[in-house]
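Colleague: What follows is a predicted structure for the sequence shown.
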Amino acid sequence: MIYLELFLGFLRVGLFAFGGGYGAVPLIRDIVTEYGWLTDEELTVMIAVSESTPGSIMVNLATFIGYDQAGILGAVLATLAVILPAFVIILLVMFALKALMKHKYFRAVLGGVTPCIIGIILATGIFMTYGVIFSAENGNLSISSAAMTALLALIYFGSKPVFKKQLSPIALIGISAVLGAAVFGIMG
């Protein structure tokens, strides 16, 4: 019976949780307390663990609660239930987009939207870089942050001429983490 309850409970979360993972927390709390799976204190601990692990908080909570209540099978069922609605919706959207891509007007709209999205991403990157280099509190230049940003840009853009291929974003994240720990770990 617990398996069915986990599946149906987290299926409701997947169907009706809007606004991202944090928006799902009140619904998860209602379902968890409705079934008596966890106390508020235990749920708070699970939320803290879910926030500190990679992935969506909603999926992590479903997995942790499912495992807590019914072991591996409970974790699998709760996780499957919470992602199933989004998966089905994305499949439907994909089929709709595939049909829409045949229309020249829809392709024209996408052609117009693409530069806007690139601009938004670029503006966000510039804003974040500026915020790292210049302190948000007092606007002072952080020499170490500026040097790190310049070094990472040099590594990223200089890797293609040297290695004849572009550095992967994952490798750049790893290099950033090591350099950040070395520079700011020593200085901090």
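Modeller: Arrived safely, thanks for sending.
Colleague: Give me the distance from stretch 121-132 to the chain's centre.
Modeller: 18 Å (CA atoms, centre = their mean, to the nearest Å).
Colleague: average pLDDT across that stretch?
Modeller: Averaged over stretch 121-132, pLDDT sits at 83.
Colleague: Sticking with Leu80, tell me its helix or strand.
Modeller: Assigned by DSSP states H and E, Leu80 falls within helix 57-100.
Colleague: Check which helices and strands that helix sits against.
Modeller: helix 2-16, helix 20-35, helix 40-52 (3 or more CB pairs under 8 Å, 6 or more residues apart in numbering; DSSP states H and E). In this view, the C-beta of every residue, glycine as well, is placed from N, C-alpha and C.
Colleague: The following helix or strand past that helix - contacts with which helices or strands?
Modeller: Proceeding N to C from helix 57-100, the next assigned helix or strand is helix 104-133, under DSSP H and E. Contacts defined by 3+ CB pairs under 8 Å, 6+ apart place helix 104-133 against helix 143-163.
Colleague: buried stuff in the helix it packs on?
Modeller: By neighbour count with 16 or more other CB atoms under 10 Å, helix 143-163 contains the buried residues 145, 148-149, 152, 155-156, 159.
Colleague: tell me the angle that helix makes with helix 104-133.
Modeller: Here helix 143-163 points in a direction 130 degrees away from that of helix 104-133 (axes from the mean of the first three to the mean of the last three CA atoms, to 10 degrees).
Colleague: Might one say that Leu80 is in contact with Tyr3?
Modeller: No - using CB atoms under 8 Å, Leu80 is not in contact with Tyr3; the gap is 11.1 Å.
Colleague: Number of residues surrounding Phe7?
Modeller: Counted with other CB atoms under 10 Å, the neighbours of Phe7 add up to 19.
Colleague: should've said Thr114
Modeller: Neighbour count of Thr114, defined by other CB under 10 Å: 10.
Colleague: Pull up the gap between it and Ala177, please.
Modeller: 31 Å (CB to CB, to the nearest Å).
Colleague: Contact partners for the nearest residue to Leu11 once chain neighbours are set aside?
Modeller: Leaving aside its sequence neighbours, Leu11 sits nearest to Ala81 (CB to CB, 6 or more residues apart in numbering; 4.2 Å). Taking CB atoms under 8 Å, 6 or more residues apart in numbering as the contact definition, Ala81 lies against 6-11, 13-14, 62.
Colleague: For ChimeraX, what selects the buried ones among these?
Modeller: Per 16+ other CB under 10 Å, the buried members of the contacts of Ala81 correspond to this ChimeraX selection:
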select :6,7,9,10,11,13,14,62
